[in-house]
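In: Provided below for reference: sequence and predicted model.
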Amino acid sequence: QVQLVESGGGLVQPGGSLRLSCAASGFTFKNYAMSWYRQAPGKERALVAAITSSGSSTKYVDSVKGRFTISRDNAKNVMYLQMNSLKPEDTAVYYCTKRGGLTYYQPVDYWGQGTQVTVSS
């Protein structure tokens, strides 16, 4: 069965960095687009970044452009989210998601369990 396991979350000071990882199994990773979502307290889940199956194209929500970088290693079945210049408003549970096809225009069909990121001094 499909499994998406996030890691790398934690507590970091404003301006700091974290790298999230998502280990995928149970499907042919290289054939599917992937994405990261986040849910802040009291808010709905929202898309942060997405990447096509090959990794050739990415997209970001405006609030993280220039600070976050999504990437993937299809040989290792892992997706990453490098987060730099973190702000308190980045505090949220971050979710790894699998899309239903090659491009990130396909809907999400699987979610990971989430990893907490807290940005605070």
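Out: All right, it came through fine. Numbering: from 1, shown residues only.
In: so where's the chain shaky on pLDDT?
Out: Counting by pLDDT under 70, not a single residue of the chain qualifies.
In: State the helix or strand in which the residue nearest the centre of it lies.
Out: Nearest to the mean C-alpha position of the chain, counting by C-alpha atoms, centre = their mean, stands W36 at 2.7 Å. Under the criterion of DSSP states H and E, W36 resides in strand 34-39.
In: what does stretch 61-70 contact?
Out: Stretch 61-70 has contacts (C-beta atoms under 8 Å, 6 or more residues apart in numbering) with 35-36, 46-51, 58, 60, 79-86, 89-90. Yep, even glycine has a C-beta here, placed from its N, CA and C like the rest.
In: Of those, grab the buried ones for PyMOL.
Out: In PyMOL, this line selects whichever of those come out buried by 16 or more other C-beta atoms under 10 Å:
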select buried, resi 35+36+48+49+50+51+58+60+79+80+81+83+86+90
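In: circling back to that earlier point, not counting sequence-adjacent ones, nearest residue to the residue nearest to the centre of the chain?
Out: Distances taken as C-beta to C-beta, 6 or more residues apart in numbering place V48 nearest to W36, at 4.5 Å, with adjacent residues excluded.
In: sorry, back to before: residues touching the following helix or strand past the strand holding W36, excluding its own?
Out: Per DSSP H and E, the first helix or strand lying C-terminal to strand 34-39 is strand 46-51. Identification of contacts with strand 46-51 by C-beta under 8 Å, 6+ apart yields 33-39, 57-61, 64, 68, 70-72, 79, 81, 94, 99, 104.
In: Just the buried subset of those residues, please.
Out: Of the contacts of strand 46-51, these count as buried by 16+ other C-beta under 10 Å: 33-38, 58, 60, 64, 68, 70, 72, 79, 81, 94, 99, 104.
In: Okay, strands next: where are they in this protein?
Out: 3-7, 10-12, 18-25, 34-39, 46-51, 58-60, 68-73, 78-83, 92-99, 108-111, 115-119 (DSSP state E).
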